[in-house]
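[1] quick one: sequence plus predicted model below, questions after.
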Amino acid sequence: MSAKRSNQKAFLETETGKRIPCLFNPEKLQIGLSTNWKGEEIPGQEAPILKYGGGGSGTIDVELFFDTTDDGSPVTKHTDKLIDLLKVDTSIKGYSEAKQNGRPPWVRFHWGKFHSFKSVLTDLDLQFTYFAPDGKPLRATAGLTLVQYEPEEDWPKQNPTSGTPKPARSHLVQPGETLDRIAARYYDDPTKWRQLAELNGIRDPFDVSAGMLVDVPVED
């Protein structure tokens, strides 16, 4: 199963509310779903009668591309965020050093209208493919394998479940528009541009261009 190309940037949403943006959308997104069936061989019968043994964990395989040759910064500032998803996160609710119940966070992968089930990163294959003269890595590919964390009867989801107000709408930026003007249009409050900037990974409220899609959450 492959996801269709989207004008919106893909990103990973962590259990603790962090957002890890993808610099480039992946070429493809592979999703695996399975069920377990068991059967016993019976003498004189050509095939066993299968009994349902429950569903298997869903999987997602995706390759991400990172490139920082435009500003010369180390590409590890992005890939290190993926490595952190393999480490115990003590900020997760319920963590107790005494109980030794630490674990890495679960994540969701969002890309356009696709929102994955809760998943844990089980495999990360990093390849650094381009370096500055001083040896600083500037380009990398990251192969991720995500495995479903828990059952979700309402998957596939239609809206992202993040710490920001939900669900999200998409606004097509018009010529001359800035984030504060978009915030004023939807919230009657231009100061909420910061909320839009954080959700969309935008540092400068004026750094938006015509034709760009901006996620605009619906407030409760």
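    Arrived safely, thanks for sending.

[2] secondary structure class for the residue of the chain most remote from its centre?
    Largest separation from the mean C-alpha position in the chain: residue 44, at 51.2 Å (CA atoms, centre = their mean). What DSSP: H, G, I helix; E, B strand; the rest coil gives for residue 44 is coil.

[3] now residue 80, what's its secondary structure?
    Secondary structure for residue 80, judged by three-state DSSP, is helix.

[4] read off the pLDDT value for the residue farthest from the centre of the chain.
    At residue 44, the pLDDT value in this model is 81.

[5] flag the shaky bits of the chain, pLDDT-wise.
    1-7, 154, 156-169, 205, 219-220 (pLDDT under 70).

[6] ok, residue 101 - how many residues close by?
    Counted with other CB atoms under 10 Å, the neighbours of residue 101 add up to 11. For the C-beta atoms, the positions are set from N, CA and C on the backbone; glycine is no exception.

[7] please, which helix or strand holds it?
    Following DSSP states H and E, one finds residue 101 outside all helices and strands.

[8] contact partners of stretch 203-216?
    Contacts to stretch 203-216, defined as CB atoms under 8 Å, 6 or more residues apart in numbering, come from residues 7-8, 168-180, 182, 186, 193, 196-197, 199-200, 202.

[9] cool, and stretch 170-181?
    8, 182, 186, 190-191, 193, 196-197, 202, 205-206, 208-216.

[10] what residues sit buried inside that stretch?
    171, 173, 177, 178, 179, 180 (16 or more other CB atoms under 10 Å).

[11] and the first one, which of the three is it?
    Remark: residue 171 carries the secondary structure label strand [criterion: three-state DSSP].

[12] and the strands in this protein?
    11-14, 19-21, 29-32, 35-38, 51-55, 59-67, 107-111, 114-115, 119-131, 137-148, 168-172, 213-217 (DSSP state E).

[13] out of the ones you listed, which is closest to residue 86?
    strand 119-131 (5.9 Å; CB to CB).

[14] for stretch 107-121, measure first residue to last.
    8 Å (CA to CA, to the nearest Å).

[15] buried residues in it, which are they?
    107-112, 114-121.

[16] before we move on, what about stretch 65-79?
    66, 68, 74, 75, 76, 78, 79.

[17] the first one reaches residue 77, doesn't it?
    No - with contact defined as CB atoms under 8 Å, residue 66 and residue 77 do not form a contacting pair (9.2 Å).

[18] any residues in contact with both of the two?
    Here residue 66 and residue 77 share no contacting residue, scored by CB under 8 Å, 6+ apart.

[19] just give the nearest non-adjacent residue to residue 90, would you?
    residue 102 (6.3 Å; CB to CB, 6 or more residues apart in numbering).

[20] what's the neighbour count on the one you found?
    By other CB under 10 Å, neighbour count at residue 102 equals 13.

[21] so what touches stretch 54-66?
    10, 22-24, 26-36, 75, 78-79, 82, 109, 116-117, 119, 139-148, 151, 155.
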